[in-house]
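Colleague: just coords:
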């Protein structure tokens with residue numbers, strides 16, 4: 001649940017959301033429909049991703065499970081491969097604007 005809370009977003013989360021959003025707008029302006037932008041992981045060390053597109057029918061209404069090979073034999077912890085995958089995603093702090101203890105994400109005048 002922590003990763004779902006916008007006030008706990010990492011700098012990687014924020015930077016990548018802006019990058020993929022911009023790519024989606026550019027792609028849509030070129031007339032592409034029925035597709036969504038995706039990140040393709042190119043490496044963990046150093047961390048690198050590439051933005052690509054995928055047909056929405058290959059993604060919508062499908063689940064992507066946590067890889068079983070990333071869970072230890074006892075089933076009570078994760079292996080180093082999982083940590084290597086996740087660590088780049090949780091790096092960096094974001095300066096949040098708050099008002100009355102709540103994050104302010106957008107102000108419309």
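Modeller: Now that the structure is in, tell me what you want to look at. Being a predicted model, the structure only gives us computed values, none of them experimental. Residues are numbered from 1 along each chain as shown.

Colleague: quick one, strands of this protein?
Modeller: Along the chain, the segments classed as strands by DSSP state E run 35-44, 47-55, 98-99, 102-103.

Colleague: for the spatially most central residue of the chain, give me its contacts.
Modeller: The centroid of the chain falls nearest to residue 13 when counting by Cα atoms, centre = their mean (5.7 Å). Contacts for residue 13 were tallied using Cβ atoms under 8 Å, 6 or more residues apart in numbering; they are residue 89. Backbone N, C-alpha and C define where each C-beta goes, glycine included.

Colleague: cool, and the one 10 residues further on?
Modeller: By Cβ under 8 Å, 6+ apart, residue 23 lies in contact with 37, 51.

Colleague: could you do residue 46 as well?
Modeller: By Cβ under 8 Å, 6+ apart, the contact list for residue 46 is empty.

Colleague: same check on residue 15?
Modeller: Listed by Cβ under 8 Å, 6+ apart, the contact partners of residue 15 are residue 92.

Colleague: rewinding a little: and the residue nearest to the centre of the chain, how close does it get to residue 99?
Modeller: In this view, residue 13 and residue 99 are 21 Å apart by Cβ to Cβ, to the nearest Å.

Colleague: and if you look at residue 23?
Modeller: For residue 23, the distance to residue 99 - Cβ to Cβ - is 31 Å.

Colleague: average pLDDT for the top helix by length along the chain?
Modeller: If you go by DSSP state H, the chain has its longest helix at helix 11-29. In this model, helix 11-29 carries a mean pLDDT of 94.

Colleague: buried stuff in it?
Modeller: In terms of neighbour count (16 or more other Cβ atoms under 10 Å), helix 11-29 has its buried residues at 12-13, 16, 20, 23-24, 27.

Colleague: the strands of the chain: which one's closest to residue 92?
Modeller: Closest to residue 92 of the strands of the chain is strand 47-55 (Cβ to Cβ; 11.2 Å).

Colleague: low-confidence ranges, the protein, go.
Modeller: For the chain, applying pLDDT under 70 flags the ranges 1-3.
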